[in-house]
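Visitor: kindly generate the corresponding structure for this input.
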Amino acid sequence: MKHGLRIFLAAALLLSGASYSEAAEAEAAAEWPTAGWRVSTPEEQGMDSAALADLVAGDLGQPLTRLRVDGGLTRSAVLMQAQADLARIPVEVYPSSHATPLGAAACARLALDRTVNLTDVVGTWTPQHTYEPIWSADRAAEHMHRWMQAASAALAPKESQP
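Guide: Prediction:
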């Protein structure tokens, strides 16, 4: 598994609240700057998402053209705009609060009937809202740089005091 995808999966587990071994958590913490953080602001979460999108793009070998998002956090306009600004791509919000069960049903159908294609199962949809990047590339890069510095400092070993 490529490095970025492994980080993506570890981050997804952290964000989902799923439990996994301490060894996996330690590995994720060693590679992902905010793996040990349990609470963050919408802007910090946007930085997390932007860094994650960059890793996925690296694994794909091409930049992402958009983020499609769903779930409760999509109600935060601040978070959605932060993701668009920091990742420098549009963020499209799924129109239904039932995206997770719909996705599970689509996966089940694909598993049961290999003759159908993804478009037949999922269909097409129009975003409820699209957040376009409004920050300059320089401003986004500066914020990401400062965030990476802070994340690295937070993970750096602390000097023991006498």
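
Visitor: domains in the chain, by residue range?
Guide: 1-39, 40-149 (automatic domain parsing).

Visitor: put together CSV for those, with distance to K158, mean neighbour count and mean pLDDT on each row.
Guide: From N, CA and C alone the C-beta is placed, and that goes for glycine too. Output for the domains of the chain, formatted as CSV (distance: least, C-beta to C-beta, whole Å; neighbours: other C-beta atoms under 10 Å; pLDDT from 0 to 100):
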stretch, distance to K158, mean neighbour count, mean pLDDT
domain 1-39, 13, 14, 50
domain 40-149, 16, 15, 88
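
Visitor: okay, these in TSV with distance to L155 next?
Guide: Below are these laid out as TSV (distance: least, C-beta to C-beta, whole Å):
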stretch	distance to L155
domain 1-39	6
domain 40-149	11
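
Visitor: closest one to P157 among these?
Guide: domain 1-39 (11.8 Å; C-beta to C-beta).

Visitor: can you name the next helix or strand after the strand or helix carrying D85?
Guide: In the assignment (DSSP states H and E), D85 maps to helix 77-87. Going down the chain from helix 77-87, the next helix or strand is strand 91-93, by DSSP H and E.

Visitor: partners of that following strand in the sheet?
Guide: strand 67-69 (parallel), strand 129-131 (antiparallel) (DSSP bridges).

Visitor: circling back to that earlier point, mind giving me the packing neighbours of the helix holding D85?
Guide: Judged by 3 or more C-beta pairs under 8 Å, 6 or more residues apart in numbering; DSSP states H and E, helix 77-87 is in contact with helix 42-60, strand 67-69, strand 91-93, strand 129-131, helix 137-155.

Visitor: out of the ones you listed, which gets nearest to D120?
Guide: Using C-beta to C-beta, the nearest of these to D120 is strand 67-69, at 18.4 Å.

Visitor: off-centre distance for that closest one?
Guide: 9 Å (C-alpha atoms, centre = their mean, to the nearest Å).

Visitor: then stretch 125-141?
Guide: For stretch 125-141, the distance from its own C-alpha centre to the chain's C-alpha centre is 15 Å (C-alpha atoms, centre = their mean).

Visitor: ok, residues contacting it?
Guide: Stretch 125-141 is contacted from outside by 50, 68, 77, 80-81, 83-95, 143, using C-beta atoms under 8 Å, 6 or more residues apart in numbering.
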